[in-house]
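Sequence and predicted structure below; questions after.
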Amino acid sequence: MEYEVNIGIEIHAELLTKSKVFCSCPVQFGAPPNTLTCPVCLGLPGALPVLNKKAVEYAILTALALNCKINRNAIFHRKNYFYPDLPKNYQISQYDTPIGIQGYLEIETSNGRKRIRIRRVHLEEDTGKLIHSGGRITGSDMSFVDFNRSGVPLLEIVSEPDISSPEEAKEYLINVRDILIFLGVCDGKMEEGSMRCEANVSIRKKGSDKLGTKTELKNINSFRAVERALQYEIERQVELVSRGKEVIQETRHWDEKNEKTVSMRSKEEAHDYRYFPEPDLVPLEIDDAWIENLRSQIPELPEEKYERYKNLGLTPYEAKLLAHDLELSIFFDRAIKLYNNPRNIANWLLVDVTKELKDRNKAITQTLLTPEIMAELLLLIDEGKISGRIAKDILPELIDKGVSPKKIIEEKNLIQITDTSALLSIIDQVLKENAGVVEEYKRGKEKSFMYLVGQVMKLTKGKANPKLVNELLKKALG
Amino acid sequence: MLSIEEVIHIERLARLKLTDKEREMYRNQLNDVLNYAAKLDEIDTSNVPPMYHVLPVSNVLREDIPRENFSQREALSNAPLEEGGFFVIPPILGGEE
Amino acid sequence: MELADLTAHELLELISKKELSPQEVVKSCIDRLERYESKIKAYLFIRNPEEVINSVKEDAPYSAIPIAIKDNILVKGLPNTCASKILANFIAPYNATVIERLNKRSFNIMGKTNLDEFAMGSSTENSAFGPTRNPWDIERVPGGSSGGSAASVAIGSAIWALGSDTGGSIRQPASFCGVVGLKPTYGTVSRYGLVAFASSLDQIGPITKDVTDCALLYSFINGYDPNDSTSLNIKPYIYSPLKGDIKGIKIGLIRELLGEGVDPLVKRCMEDVVKTFEDLGAVVEEVSLPHISYSVPTYYILAPAEASSNLARFDGVRYGFRASGKTAEEMMSNTRGEGFGPEVKRRIMLGTYVLSAGYYEAFYLKALKFRNLIASDFRKVFERFDVLISPTSPILPFKLGEKVENPLEMYLADICTIPINLAGLPAISIPCGFVDNLPVGLQIIGPVFSEAKLFEVAYGFEQATPFHKKRPQLGGITNGV
Ligand SMILES: [Mg+2]
Ligand SMILES: [Zn+2]
C-alpha cells in the first residue's frame, strides 16, 4: 500500500528587537534569572502593555518576504490558559486578524521546485522559562521560574500541510531561517531556542482526497531532529495504519536520546483558549504607505542571490552555498566589484577561506580579511607576481593580521623571479650538479626533467616563475 | 439549565478549586444570571457591529528603546518562595507517588 | 464644624491666608479616625499618624490636605490587597500613574480604603476584611465598591479620596454617603497601576465633599499616559473657578431610569431636582434611550468575561497568597479556590463560561453588539441635549446583609450607573436630597470629554441647594453602637 505524507510546520521565531514587545525591558540572553523584568512582563496587578513599533515592523517585513497579504486592520487577542511560565495566565497573541495571511515559500525538492503555502504570520509574546529540579520534567520535586524571556517578541509562522517528506520539511525550515537571518529579524539559532519548530504529521492512502488524522510533534530542537522526528513518526503511522490500527490525534514529544516520539496525552487537557480581543491594546491600522516603506527595506534574499550568482557563471552548487551564507555573500558581492573574476573569488571563498574559517570557527566578518585584500591577492597571482602556492601560504596571515599581501611578499621577498639572467645562472648550477640526471633525460627519461625543474624551484625557494623555468631549462638542455 | 459537569469544566478552565456546596450554589446563581441574560435575545442584532473599544483610537506604539527596570530583588520582593534568583513552585508533573 | 468637615478648597484658602497652620488639618482628620474608624472601618491600611503629620510641608499646600486611596490603586511601598485574601501580603513595588501625579504635588496619603473584593460589588460587603459602614446610618452599607473612600470623605478621616468606577463604583457610594463622585470619560485618567477588574470599563476618579474639590482633584489626575495604550493623547482638563451659570442649557431626564424598581422616595427627590434646574433657567425634558434597559445583562456578560481573564494572574506563583499543592497546577487551583471570595469566584465562573467554546457568540459577542446600541443611543440623544440626568441609584442605602443572598437583585440596582461605563461617558453624582436622613444622589451625564460642562451644571445645582453642606451626625454613631 502506498501512502502520501502531509506535514505542516509551525515556527516560533524570537525577534531581535532591543526591548520586549509590550514593555521596555531589554531583550538579552544569558542574563541572571529575573533581572530583566518589570511590572508588565511579570504580570503584576495594574500593569498594562504598550506595543513595540519595531516588533510590528519586523512582523510586517517577514510577512512580506514570505509573500503574505497584510491585514490592514490587525488586532490582538488574549489566549487564555494557565501555566506557571505565563505570568498573566493569558498570552497576548493574534487570532482572526494576524498581521500576514496567505503567503508562500518555494523550495528545491528532489523533483523540482515546490511551493509551500503559508497560512499565517502573527506577532505574540514569549513566556518565561521553567527549570525542573533534576533537569527532567518527570519526577522532579520542584520547578524554578525565570521571567527574563517573558515578553520577548515572537513571530509565529504557520505553513499549510503542503510538505510531503522530512527532507522537504528541513529544506522549508532552512529557507525560512535564512530569510529571517537575511532580514535581520531573528538569529535563527534552533539549538539556542531563538527559533523553535513544531510539526503536525498525517499520512493518507495515495490519491485519497481527505487528510489523515494528524499528530503534533513538539520538542524538535535542531534541523537534524526535524528530519529524524518526522521520519520516525511517519514510519510509526504507516506501521499502525498498515496493521489496520488508527492514528490517534495527540501531541507527541520527540525524545532526542532514544530517537523516538512519545505520547504526551498524560499532560493533555481539553484546550479552550477563550480568545477575546485584548481590551488593553488598540487596533493596528497598517496602511499602504507603511507597507511600501517596509517593502523597500527588504534586502536581496537567498533565492534572488542564487539566481544572480548562477548568471555570474557560478555552478549551482557554488551559487547555493554562497547565496545562503549572509556574511560570505556580502563579502563576495563587494569583492567582485574590485576583481572581475567571480568564479575565482567564489572558489577561494568556498575552499581555502572557508577552511581557514572552520579552523578558527569564526565568521568571515570576525576576521581581518577584507574584499580589498582578497582582490589584491588574486591580482598578484594573475600578474604572475606570486604563485598560487605562495598565495595559499600567506592567506592565514591575511585573515589574522589584515595586512596587504603586497607588503607581505615584499617584506619576505616572495616576489617571483622573472629575471632571465638570474634564472639562467641558477639553471647552469643545477645542470652541473646533476650531470647524471641530465644524462638520463637525454636518454629520454621524461621524469628527470621535472626533477630538474624541482631543483630550480628549490634553489629559488619556490619564487621562480614555473613557466619561465620550463622554457629556459628546455633551451639549456638543447 | 447548567449541569454540574459543565460547572466542573468551567471550574477547571478557571483553575478554581470549588467545594461541592459552592458548585451547587454557583450552578443555581449562574443559571439565574444566564436566564436573565437571555433578555438579549429580544432583538435581532445580526446587523449590529460589535463595539470592541468605546473610543476610536489606533496604532498606539512605543519606540524600541530598552530601559532597565526591576532589580532581581524587586522582582522577587513578593515571591511566596524563591531560591537563587528564581521563583520556586511545586513540580509541573507530580513526583512519583 | 471642625476642620475635617471643610472642603479642600476651603482649607487651602485658609492655609494660604495663614489663618491656620497646615498640620492642623491632618490632626483633625486623625482625630476623626481615632473617634470613628473602629465603627466605620473605611480603611484597610492607615499610615502611621506621625508620618502623615511629618509629611506636611510648608511649601506644599496639598500635603496639608489628607487624601484616601482605594486599595486597588498601587502606592509603592504600601500594601495593596484589593480587599482580597489572595493579596493579603502584597506590597506594591511600583506607583500607579495617578499616584505619581499626586506625588508631584506632594499629596499626603492617609491610607488605603476598603472596597468590595477586586471592586466587584455595590455595598463593600464583599471585602475579605469585613464591611465598611455608612456614616449616615451604620446599620446600612456605604455603597460600593469604593465604599471605604466615600465613607472616609463623609466622616472626615480624609478630606478627599480616589476611587475606581467600572459600573458605578464611584458614583453609587458617593450617592449613599452624601458626597460627590466623578466617573471620568474613558481614557482621560490613566489605568496604569489600577488593579484591573474590567479593562474596557474601569476608570479612576475623585470622591470629594463638593463639586469644586471634584474639579480640582480631577484636574490633577487626568491627562495622557504613555504607559496606558487606552489613555487619550488630548488636551487635559485644567481647573478654573466654576461659575455655575446654567441658564438655557438643555437637560434630558432619562425616562427608563425612573421606571419600576425605582424607590418612590427617590422619584420624589428627582421631581424637586427638575424643579430646581428649571428655576435656574435650564430646560428639562424627558427623553428615552430605547436600549438602556439592556445595560445590566450586557454589563454582567462583558465585565465578568474581562475579569475572568484579568484575575487569572493571581495564581500564587509570583506574589500574594499561595496554598499548598502536590503539583503546580494543584497549587494554583487551591490558591485561587481559597484566596478568592464568593462574589469574585462567581464572576470568574460566569466570565469563563461566557467566553468558553460554543458560548462566545451567544453571550460575549452579542453583548458587544448591545454595547454598540447603547452607546449610539447616547450619541443620538446628545445631539439634542447638553447633559442627561437620572438618580445615581434607584434605591436608598440598604441594610447590611439585606441583599447578599441574591446577587442578581444586587446587580439590578446598578441600572442607572452601568450604561455610562458601557458608553465610556463621564458622569458625576452629587447630593440632591435626603430621605429619613439618608442621602440621595443625582447623576449628571455628559458626552465624552464634557467634564468641564458637567462641573458647571453640577456646581450650579449645588450652589442652589443646601445638601452638600450637610454632614453625617457623627455623634449618633458613638451612641449608635
Ligand atoms: Mg504561538
Ligand atoms: Zn518588562
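Happy to help now that I have it. Ligands and ions are numbered 1, 2, ... in the order given.

Identify, by residue count, the longest strand of chain B.
When every strand of chain B is counted residue by residue (DSSP state E), the longest turns out to be strand B:86-89.

wait, does that one contact chain A?
Yes: for a cut-off given as C-beta under 8 Å from any C-beta of the partner chain, strand B:86-89 has contacts with chain A, namely B:86, B:87, B:88, B:89. For glycine as for every other residue, the C-beta is placed from the backbone atoms N, C-alpha and C.

Tell me which residue lies nearest the centroid of chain B.
In chain B, the C-alpha nearest the mean C-alpha coordinate belongs to residue B:14, at 6.2 Å (C-alpha atoms, centre = their mean).

residue contacts, that one?
Residue B:14 is in contact with C:308, C:312, C:336, C:348, C:349, C:352, counting by C-beta atoms under 8 Å, 6 or more residues apart in numbering or on different chains.

any idea how far residue C:351 is from the first one?
Looking back up the chat, that one is residue C:308. From residue C:308 over to residue C:351 the distance is 3 Å, taken as C-beta to C-beta, to the nearest Å.

Look up the closest residue to the closest residue to ligand 2 within chain B, ignoring the ones flanking it.
Here the residue of chain B nearest ligand 2 is residue B:69; by C-beta to the ion that distance is 5.8 Å. Counting by C-beta to C-beta, 6 or more residues apart in numbering or on different chains, residue B:69 lies nearest to residue A:38, which is 3.5 Å off, once chain neighbours are set aside.

Tell me who's in contact with that neighbour.
Contacts here follow C-beta under 8 Å, 6+ apart; on that basis residue A:38 touches A:23, A:24, A:25, A:47, B:69, B:70.

switch the cut-off to 7 Å
Residues counted as contacts of residue A:38 (C-beta atoms under 7 Å, 6 or more residues apart in numbering or on different chains) are A:23, A:25, B:69, B:70.

before we move on, what about residue A:404?
A:373, A:376.

what comes into contact with whichever strand or helix holds residue C:411?
Residue C:411 belongs to helix C:407-412 when assigned by DSSP states H and E. Counting contacts by C-beta under 7 Å, 6+ apart, the residues outside helix C:407-412 that touch it are B:29, B:32, B:33, B:36, C:122, C:261, C:296, C:300, C:346, C:403.

which helices and strands does the helix or strand encompassing the first one pack with?
Assigning secondary structure by DSSP H and E places residue B:29 in helix B:20-37. Based on contacts counted as 3 or more C-beta pairs under 7 Å, 6 or more residues apart in numbering or on different chains; DSSP states H and E, the elements that helix B:20-37 packs against are helix B:4-13, helix C:295-310, helix C:342-355, helix C:407-412.

looking at these, which is closest to residue A:283?
For residue A:283, the closest of those is helix C:295-310, at 17.1 Å, according to C-beta to C-beta.

what does that closest one rub up against?
Contacts of helix C:295-310 with the rest of the structure, by C-beta under 7 Å, 6+ apart, involve A:78, A:80, A:90, A:276, A:279, B:14, B:33, B:36-37, B:39-40, C:166-167, C:196-201, C:347-348, C:350-352, C:354-355, C:363-364, C:367, C:370-371, C:374, C:411-412, C:414-415, C:418-419, C:422.

Buried by neighbour count, from the residues you listed: which ones?
Burial by neighbour count, judged by 16 or more other C-beta atoms under 10 Å in any protein chain shown, picks out A:78, A:80, A:90, A:276, A:279, B:14, B:33, B:37, B:40, C:166-167, C:196-201, C:347-348, C:350-352, C:354-355, C:363-364, C:367, C:370-371, C:374, C:411-412, C:414-415, C:418-419, C:422 from those.

And the residue of the stretch 51-200 of chain A closest to ligand 2?
residue A:151 (5.4 Å).

Return the backbone torsion pair for that residue.
Torsion angles at residue A:151 (phi, psi; degrees, to the nearest 10) stand at phi 90, psi 0.

who's in contact with it?
A:20, A:21, A:22, A:23, A:25, A:40, A:41, A:125, A:126.

pLDDT value on it, please?
Model confidence at residue A:151, given as pLDDT, is 98.

cool, residue C:169 as well?
Confidence for residue C:169, expressed as pLDDT, is 98.

Likewise for residue A:155?
pLDDT, residue A:155: 98.

how about the closest residue in space to residue C:131 that isn't next to it in sequence, what does it touch?
Spatial nearest neighbour of residue C:131, excluding adjacent residues (C-beta to C-beta, 6+ apart): residue C:125 at 4.6 Å. Shown in contact with residue C:125 (C-beta under 7 Å, 6+ apart): C:131, C:141, C:400, C:404.

Helices of the stretch 251-400 of chain A, start to end?
For the stretch 251-400 of chain A, applying DSSP state H, counting those that start in this stretch gives helices covering A:288-295, A:302-311, A:316-323, A:326-338, A:342-348, A:354-360, A:371-382, A:388-401.

Go through these and name the closest to chain B.
helix A:288-295 (9.2 Å; C-beta to the nearest C-beta).

Packing partners of the closest one?
helix A:53-65.

so what's residue C:247 up against?
By C-beta under 7 Å, 6+ apart, the residues touching residue C:247 are residue C:281.

pLDDT below threshold where in chain B?
When the per-residue scores of chain B are filtered using pLDDT under 70, the ranges that remain are B:94-97.
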